[in-house]
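Novice: no sequence on this one, just coordinates:
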């Protein structure tokens, strides 16, 4: 993974090596669709996720996900993630 930034944007590049990629989710946040009965968000597929927590507090962090079908999901979380030893 390589990360760069400038005054306006954050750039993330990654080379992924999963040999058995699957996915059915398509679209972007409000228009995501999937035949999967579990749900219609990219994290049910093989996906790449980026989390940005500028304050380092687990509050108000940005999450971006993309699967190999170019379905994207982004959200600004406004509460702490209480899992995996988080501080919230």
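Specialist: Great, that's in hand. The shown structure was predicted, so the numbers you read here are calculated from the model rather than taken from an experiment.
Novice: residues of the helix or strand of the chain with the lowest mean pLDDT that come out buried?
Specialist: Ranked by mean pLDDT, DSSP states H and E, the helix or strand of the chain with the weakest confidence is strand 72-77, at a mean of 86. Buried residues in strand 72-77, counting neighbours by 16 or more other C-beta atoms under 10 Å, are found at 72-73. Where C-beta positions appear, they are placed from N, C-alpha and C, glycine not excepted.
Novice: helices and strands around that strand, which ones?
Specialist: Counting contacts by 3 or more C-beta pairs under 8 Å, 6 or more residues apart in numbering; DSSP states H and E, strand 72-77 packs against strand 61-67.
Novice: can you give the contact residues for the strand it packs on?
Specialist: 23, 25, 41-43, 45-55, 72-77, 81 (C-beta atoms under 8 Å, 6 or more residues apart in numbering).
Novice: same deal with stretch 35-48?
Specialist: Contacts of stretch 35-48 (C-beta under 8 Å, 6+ apart): 14, 16, 18, 21-25, 27, 32-34, 49, 65-69, 71-73.
Novice: mind running it again at 6 Å?
Specialist: Outside stretch 35-48, the residues within contact range by C-beta atoms under 6 Å, 6 or more residues apart in numbering are 14, 18, 21-25, 32-34, 65-67, 71, 73.
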